[in-house]
Structure formats: structure tokens, C-alpha cells
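Visitor: only the shape, not the letters, is given here:
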């Protein structure tokens, strides 16, 4: 090991940080001395598989992104279970909560995000929790075991994460209720008909779904005041009428109303931050030699929650670092290019697909309904170009949609596109 | 006589008895022999060409060979109906007889009429003719043979003295020159065409000249195609006659010994056709072409001239046919092997109809109505009180007489005049006005049946027994191999039962068709003594058994002869008073139909290869719908361009009489300024396709045969906003304001529709069968596209596709054959059918690669397995090779298991199906792919 190699310090051992490591090791294994700091005790794991891990579908081994001896073999120093606390930009150092200090030549922030907590009374009661980390999942599993037979679990938020969590918990045999503020589930991805059909499917599985209700208060247990006993719910949009709050009894409330980029460290260090750490198309922050990627960063106002763009960012940064050209003018071919991405998931046995931004009412749209089979598929066109699509039940053949949205080519045969997917169009 | 039929053949291997029945084809005038074999095990029938039948000697055409596909009982008329109500036979026969009797009583025998058909068997025909001419006492019986053969009949009679086809099919094989005029024989008489082609291959020196204004399939195989101006055939043959004189190619010996009137017409002809250049100019040919044809004819002793509808169906058809006969007489090319004029008939039994006297101007057994001696012979033979004294109304005049109320009762048998007669809309009006229309038919719905007061269910092909005569005077048996379905009865039985009710019990008390045939044979012999060509006295004592066993036999066949004559006139003696053939003066006037500014195109009508007449039978075979699936008209490309019509666009073709909507096709073989359209389509198959509604009822003045081949018309584009395909298990009623074309394909009712405005989907939904059908549907906010599928737990009931007419290329258009095979596939249980993919309307490739493993990159199991088999033994390697597992990683565990399974299977030689089971189980756990991390 040569002392002369620059020291690359990566804050964060999540999916973004891990992707950067693996790409860098394959592109330029000798270029850097690398240290990784991780707040969680566990080394990098696949966060996407957290819900199947929660209900035991996959093992801890399968959850891991790397074998336990991988870091050692790659001569990467792994510092886990300690949070980075402060960056000294001038001296190029970083201090952790434990007091340990690292110097760096290059610093990468891959601090990810944390769950949004609604600003309502009782949010800090025991039983109100998130499902972001392996520890969260372990804790949730523990709570479910402890409260076996008692009141149910509420999942607050009927978006992708909330539905995932609710289904995983339901699969464990637990009584689950989904609380969703908007008029239909996955309202950011689906139109009303698809959202309602999704809710019907989920209900048919035995999960309760309340849409169009606001969670106004987490209610404490009368006997054990620190513990959660229920949630106060108020229906929205009940204009004019007196709406009396309802109470939903639950021992645990899993919050899944959204995520917030983790930018405290960057902000404190004086890096340019807006909603997230501002980086350019080459993942460079406002400070020389400091980079950021993943859910903690933003590029041209765009923020990231899906794995695909994050991996692309990691690939861009790895190439950049491997080339050693990060201080000079950047070649355009290396830059991050935003792409339209589809959301696909399986909820309660139902395949759900969404891509693009659903345009306003007046746009042309085509709908395929095979109600007996529970199939629904809709395509929106804007200026005769495909703008968005959703599908339920049967999502075969939709791979080309995202690419077609980006290509902005005129759509000559929307019917075939809707029914057969891009391959048939 | 050979061929004892039906025979029982014992199969050596199964030792089971299969039943074979020899019969004759129901379609064209070639009259091919078939063998129908019913399997003893399961009763399934197969159809083979009869190796022994002289007409086809083992050959087949596509229409004939698909005949078993048309004998199903759907759309069959199975029970009698009177005024819309199903009745018993007694009631229907009583009512028919009552109305017939009342009409005669009130308005006389000429106020009733029969309009019969070359589809009838000789025995049916004989009793119909006997009843009308011999017992009702009117000659108002005419037949659809008027539309195809009456010109040849008239020409034969006036030139040869009798309606005798001189030659036989073998002459076509031994000729050195064959001239085909007015016949697309490759399509209309395919087996005769096959025989010519085979002979031509065997003897390449044989030359084929085809005269046709269109470059037909037949013309394409000719050594010389004379693409004449429509209707100029008379000029061409008159020119040939003049050329034969000028070039001294005459057989003076034959002319002097066996003909009369030569000199009278020779001068005329030489004046009219002074040179080949003049003829070439008139006919739109080059002088070179004309010379080639004329020289070949002049110099080839063994020449056969085949003529058919192109000659017959014209306003001066008799003159044209006579001109052909003249050329043969002048060169002695008649009655010799390989040398004769040959009229080839359209229908399976047009010849039989001529023999019994089924035309309004004939009497019976080739005897004439206007011949007092003949009337006496027939009257005395029939012992009838009132025999018709004068010719009756010919087809066109007959329907005009119905229209003007002169004829008040008409009985139509086995034909569809609302489609097939010229000025067909007027024919429909006539029947709408007629006091009583009786229709005997084997199908349940035709344009004509829709106007019937009394419907009588007749036996169809395969159910009825009798004889037919083909174009070469060969009598063969049609035999039943099916039971009579429902209440159906043979036509002869129906006619005889009505005759009984009219009081003619004794004269119509036949037990079997054999009894009628025997009487027919006796009449042919009665007071004949060689004076009449038609003589089948060999059968005058035929027994039932001999009739059942009757092998194909040429006529004449006289008492004591064991075989008939294949050729006539080899002795040069004709059936005229003096035994000489006549050269008859011809005028050559008023023959050409001129186009006008308003109607600039000349319409020629004809047949297509795979349809027969008005499609009542051929329209039921899926196989026969493939060749020309939709009603169409063919244009020269330049004409279409001038009219601003795109190929495959709908067009309206109209004459002063009517309007049809057809699909425009380009045919480079079409002459400029002409259109060709088929005669087959009708109101049961398309919205407005009855081409004969455009054709005016101009007839040859002698034969009364209509001129179907030349009508001045105009063509205009028909604009559509949308096109649709509708496939249904049940037949549907379609909106009257749209264009539609119907086919029955493998039990599915298939409609191609076009229209303007919005497609009325409600009208389709209303007609769904009253079951708990499920609906899968595509709706378009712009209302441009519709897809609708209705299905039950077991089958798809209906599939509808609507797409904008402006759609480019194939976009949006369903693949019909794919769809039908999907709907009818036995493997496709409703669970396996994706309604979405059906709605897509065509096959999508790439879904057969097994379940989806990597959702991010849409990589399927089979692709991954292939990568593993080809050496990718790690998740990373698979990722590099297929991109699977390189994005979210959710499928990495499955990839690992697939690797293990493939390795395992290689090690353990496990069946690959096990991998599928494991992999399928894995797929049930398929998980989130694109989601927040």
C-alpha cells in the first residue's frame, strides 16, 4: 500500500455508497486508499429487500450486498456504527460522533435520506416508527411478536413504501390498516381508477384501507402514557359538514409518508444545499474535492428516490474518480443524464406499473379494462407523444415506455402501444 | 357397365368396412367424378377425385375438393314455411297447389311461371318442365341456364340444326391449336384447363391462343394472348372467316358436301372485313397478333375453339357463336378428333336442362315448341290434354312480366335471381310485387328467399339422387351419401306432390328418380328414328338397379349400344331437314356498349376461382374465402390514379340502374378504361355488392341471354372515417348505413366494416347472447379506436376492432387469420388467452421465453438459462451478458438458484422441466424492483 495514494473517504454505506465502491474497484482498484463510514452497524445491504427480509422471505445472507470479507480483500477500511458529525473543509478532516477523526483528500457524501415524520402530537410515542433500516425492520418484527393478538398495525402513507410495508406485515399474519391522506392510493403514480382498483384488491386480501383521511394525532395508551394506543383520523375535504374525528386502535404505526434527504452534515460544513445537497452533472458539490450522490443530492432541482438513477450517479462518479479528471473540464459523455423511470411493484399479488407524469385532463388517453381479470391499463398522450402510463394486474410488455417518453417520438399506433407494450408499437 | 356403386370395400388392416359412394361435383359444367368415403369407425368422410371418371380422370379443383366443407347444417332450410310460419309438408304443398290453381283459374296458365336452375338434376328438371308445358299448358318455365347457355343453344340449333356439342374433352388433349375465347378457364373450369396444360406440357408444339380483354390467369399461360377491346370478338371471328377465304384455307369439299349458304355470307364477310389491318384496328390489336392467330387457325387442322360466357353473355352472342361455328365448318374442323367448336357450360346440369327442354323456347328431348309435329309427339307421349302451344317468357322477360303483373305466381327452384339477373334491383321489385313467390332451396337465407311467401326445403348435394350431363354430353350420376336432414325433400318429389294436388296423380306417380330417367329416355326415343340428336334409348328399359349402378355415359346412346358417341358429325350429317349445316347471315351491328362522359368505364363481370354463383355453398368454406376474401373491382392502375382512388380504398361503382360499393384492386392485366367485378357477392355477404344491379337487361335478340359483360359505369371513391373487424360466434345484424363484407370462417362470423361518423358500439353490445359474458374493452378519449372482447368462462363470443381509416400501413389493423386461429385453437383455453393480446390483434413475439425474471431489464427465464448454458456461471456474468440483475438486484437470488439448477441438471441429467417448476415457484415470489432504496 502506497502512502502516496489519495485518501477517498465515503460517508454512507448504503446502496449508493456500495455501488460507488464496487464500480471504483472494478475500474481503478489501485488509485485510492478508501475508507467508508457507516452509521448503521451492518455493512451494506439491499434496502429494497428489507420488506421480504422483515417477513422472512429472504435470509440475512441474501440481504447483504457484499460478503463479510469483501472489504478486507479490497483493502477498504470500514468504519461502522458511528455517525459522521462534522466536516472541516479547510483542513480536509471529518469527525465522527465517537470523536474519531479522519483526514481526506476526496470526500463523498452518500448519506441518503430519512423518513418524514408528520408534525402531529404524539409522534414520539413508543410504537410510532419508520421502516428505513435493518434495525427498524428488526424492531418492527420484535414489536409485532410482543403485541401478538393485541390491536393491529397502522401504516401511515399509501405510497409505494407504505403499501410494501403493509403487505409484508399482512403476510406475517398481522392485522394491518393503511391510512392515506390523498383520495386514492399511490396518487403520485396512479390515476384514480387504478388507485381505487388497487385499494379494492388490497382490501380483498384482508388489509383495511382508509383514503382521504388525515392523521391528526398519535394517541397515547391511558395505562402506559409513553406507549402508542391509536391514531386520530379526520376525513379530508368534508366541506361544510361537521366531521368528527375517528380513532383507529393500533399498537404500532409505521410511517411511510415520504423521505427527506439527510443533509445536516453537508449544510453544517457550508456546502451549497437547497432541499438536498446541490451537485452538478458530475456529482460535484460547491466545494472542491467533495462529492455527493444518491438520495441526499439534487441535480437541477431533481431529487432521487429510485435505485436506477442513483446507480447511474455512482457509475458517473466512479468513472470520474477513476480517470482522475475531477478538477478539470468534464467530458459531457461522462455526465449524469436524467432518464424517465418506471415504477413497478407487486402489491397483494397485484402487479402495479407506472411511468411518466400523468398530464392534465384534456390530454388524449386510452384505457384497456378487463375487469373480470382485474386488468387495467392506461396510456396518456401529450402532443401525440407518450406522456405517461399506468397498468394493474398485467404489466407485461411495458419495458419500452420509459425510453419512448424520453425519445419524444410521435406515437403512430397508441393502441398497439397500450395493448402490446413498446415491443408491439 | 362398370362401377357398381356404392361399393363396400374391406380395409385389409382394420378389417372394418368403409363405404364409398361415387358421385358428381355440384359446381361447374366440367362435371367431375368424385368418390366419397365414409369411415366405418367414426363416420368421417373424405372426398377424392374419381380416377375412372372420363371428365376428370382423378383430377380436382379447389372448389370441388372443398365440397365436404359446405355440407354442414348451419344456414340450411330444413322445414317448409308458408307466409313466415313453419308448416308441415302437407300444408305447404296444399297451399302451393291452391295458389297455383287459383291463379291459373283466375288469370290463365300464362299467369304462372317456374324459374328453375342448372343446379337441378335432370329428373327434377324433367318433371318441372313436364308439369308446366304438358299439364299447366304454358311454356312459362325458364331457367338460369338462360344466363349462361342459351346463346350457345341458339347458335348450335341454327347452324348445326340441333343443340349438339360436337366434341369432347379428349379433343382438347389431342388438338394442335386451342383457341379459348371468353373464358377464364383456369378459374372457371379448372380441371379442363389442367387437362389442356398437361397435354401442352407433354406436346409443347400444341399452341394456345386466348382471346380476352383482360390478361387473366388463363391468358398468362397462352402462347398468344389477344387482348381485344371489350365486345369485339365478333369482328375478330368475322375477320378470321374472311381471312380463311382470302388465304384459300377453306375445306371446299366439306363446304360443298355438308353445308349450305356459304356463298351468301362469304361476300358479306369479305366486304365487312377487307383486311387483317382493319380487323386489328377494330379489335385494338396489332396486325401482327391478328396475322399470327389467323395463320395458326388456317394452318392447323386439329383446332378446337372453346367458347363460354364472354361470347354467350353479349347482345349479339348468337352471332359471335355462329361466327365461330362458321369458321370451323368452312375449314371442316368439326367431328374429327382434335377439331371442333366447343361450347363449355357453366353449370353442373345446364346440359341436362337443355336435354329435358327446360328453356322457355324448348319443348322436351331436344324437340321444339314451334314445331307442330314435335308438340304432337310430346303431347301423345305424355298423354296430356293441354300442351303449351308457343314459347314462354325467357328469364328477363319473365321477371318483367312479374313486374308488370302479367305473371302473378312464380316458383323459383335452386337459384337466386335477385342476385344473378341483370337489373337486379328491378327483379327484386318484381318479386316484392308478385302475389305469390314460392322458392325451393336448400339454404335458409338468400336474397331471393327473403322475398318468398312459401319456402320449400330441398335436398342438397350429397343428399339427392339423379343424373347430370356435363359439357361433353356425358351423363353421370349424383348419388346421395347423406341422410335427408330435417324435412328436406328432393325437388322431383316436391314438384310431383304439387302436380298430384293439381290432379295429375297418374302422370306424376314416380317412385324414384330412376322412373323419371327411364321416361326421359323413352321420350328421347319416341318417334325419333334418327331425326333428333338427343337419343338415349339405351336407357328406355333401365331398371332401378341399373340406374343405381349407372357409369358415366356419353349421349347419344341408342338402344342396343353399349357406349355412347364421344363425337358427333364425323359423317358430316347434321340434324337439319337436308342434313346440311347452315351458314347463317350475321349483321354485326349494335354490339358495342359505348362509354359516355358520365359513365366513362366499361364494366365486365365474371367469376373468381374459389366462389360459385351466389356463394350459398362456397361461402361456407373457410378455405374458399382466402383467395378473394372481400367484394372487389379490378382497375388498371392508371384509371385508379385518374380517379384519385387509392388501391384497397372503397369505391362506388354505379350505372343508371344501381350502385355497388366494392374494394378497389389494381390489376395490370386490366385494359385501360375497363373495370372487372365478380358476380358472386350479394346481400347475404356484403352491404351493396350485387353487381348485376348495375347491368341493364339488354339481351341477345335471338337467345334472350343477357349481356353481362359490358356495362358503362362510373367509379367514385367512398370515404370512410373508420374501419372495423368484427368476429362473432353468432351472426349479427349490422347498421344499414355502413359498408360491410361477411364471411363464415371456421364457424366464426367475420365482418369487415367501414363507415363514417362514430361506430355504434351499442348496437354490437345489444346483440351479445344473453349470458353472463365478460367484457374487456379499450376506450379512447379521442374516439379513434375501439377494441371489444366478450367472453365466457369457456370461449370468446365476440371480438371487435375499430381503427381510423387514415391509419398508416398496418398500424391498428388486426391480423385476421391469427385472430381466428386463436379463437378456435383447441389448446387455447380461455384461461390461457390474454384478452389484451387478443385485443392487440396480432401475434407479439418475445413472450414465449418463459416467466419474467429481471423486471428492470425485462429479461425472461429462458434468456437467462441460455446465458447460463453458454457459460455464464456467476450472477455478474449473467448481468454482463443479459443485463439481468444489474439494477435493483431483486432477482439476484433467483439468478443464483437458476445457476444452481442448471449446474444441478447438467450434473444429474435432470429433466429441464424440473428447472421450470423450480423457477416458476421462484417467480411466485417475484418482488419489487423499481422502488425507493
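Guide: Thanks, I have it. Just so we're clear, the structure is a prediction, and the values are computed from it rather than from any experiment. Numbers count the residues shown, from 1 in each chain, chains lettered A, B, ... in the order given.
Visitor: hey, let's count contacts and neighbours off CA atoms from now on
Guide: Noted.
Visitor: how about low-confidence regions in the chain?
Guide: If you meant another chain, say so; for now it's chain A. Chain A contains residues with pLDDT under 70 at A:1-3, A:148-150, A:237-242, A:421-425.
Visitor: meant chain B actually
Guide: B:1-17, B:588-591, B:770-771, B:807-812, B:826-829, B:831-832, B:844-852, B:855-856, B:890, B:903-933.
Visitor: distance of residue A:81 relative to residue A:107?
Guide: 19 Å (CA to CA, to the nearest Å).
Visitor: who has more neighbours, those two?
Guide: residue A:107 (23 against 15; other CA atoms under 10 Å in any protein chain shown).
Visitor: need the contact list for that one.
Guide: Residue A:107 sits next to A:8-11, A:289-291 when contact means CA atoms under 8 Å, 6 or more residues apart in numbering or on different chains.
Visitor: OK, contacts around the closest residue to residue B:544 other than its chain neighbours?
Guide: Spatial nearest neighbour of residue B:544, chain neighbours left out: residue B:514 (5.7 Å); criterion: CA to CA, 6 or more residues apart in numbering or on different chains. The contact partners of residue B:514, by CA under 8 Å, 6+ apart, come to B:466, B:542-544, B:547-548.
Visitor: doesn't residue B:514 lie inside a helix?
Guide: Yes: using DSSP: H, G, I helix; E, B strand; the rest coil, the secondary structure at residue B:514 is a helix.
Visitor: what is the burial count for residue 28?
Guide: In the absence of a named chain, chain A is used. Residue A:28 has 15 neighbours, counted by other CA under 10 Å.
Visitor: chain B, not that one
Guide: 26.
Visitor: which ones are touching it?
Guide: Going by CA under 8 Å, 6+ apart, residue B:28 touches B:188-189, B:345-348.
Visitor: which SS class is residue B:269?
Guide: Under three-state DSSP, residue B:269 falls in the helix class.
Visitor: cool, and residue B:675?
Guide: Secondary structure, three-state DSSP: residue B:675 is strand.
Visitor: now swap in residue B:665 and tell me
Guide: Using three-state DSSP, the structure places residue B:665 in strand.
Visitor: so it sits against residue B:633, correct?
Guide: Yes: at 5.9 Å, residue B:665 counts as touching residue B:633 under the criterion of CA atoms under 8 Å.
Visitor: interface residues of the stretch 1-150 of chain A facing chain B?
Guide: A:15, A:46-49, A:62 (CA under 8 Å from any CA of the partner chain).
Visitor: for the stretch 1-150 of chain A, what spans make up the helices?
Guide: In the stretch 1-150 of chain A, the segments counted as helices under DSSP state H, counting those that start in this stretch are A:15-27, A:50-54, A:60-63, A:70-73, A:134-146.
Visitor: and if you look at the stretch 151-300 of chain A?
Guide: Going by DSSP H, counting those that start in this stretch, the stretch 151-300 of chain A shows helices at A:160-171, A:192-204, A:264-268.
Visitor: buried residues, the longest one. List them.
Guide: So the one you mean is helix A:192-204. Residues of helix A:192-204 classed as buried by neighbour count (16 or more other CA atoms under 10 Å in any protein chain shown): A:194-199, A:201-203.
Visitor: a markdown table for those, including distance to chain B?
Guide: Shown next, in a markdown table, are those (distance: CA to the nearest CA, whole Å):
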| residue | distance to chain B |
| --- | --- |
| A:194 | 15 |
| A:195 | 17 |
| A:196 | 18 |
| A:197 | 16 |
| A:198 | 16 |
| A:199 | 18 |
| A:201 | 17 |
| A:202 | 16 |
| A:203 | 20 |
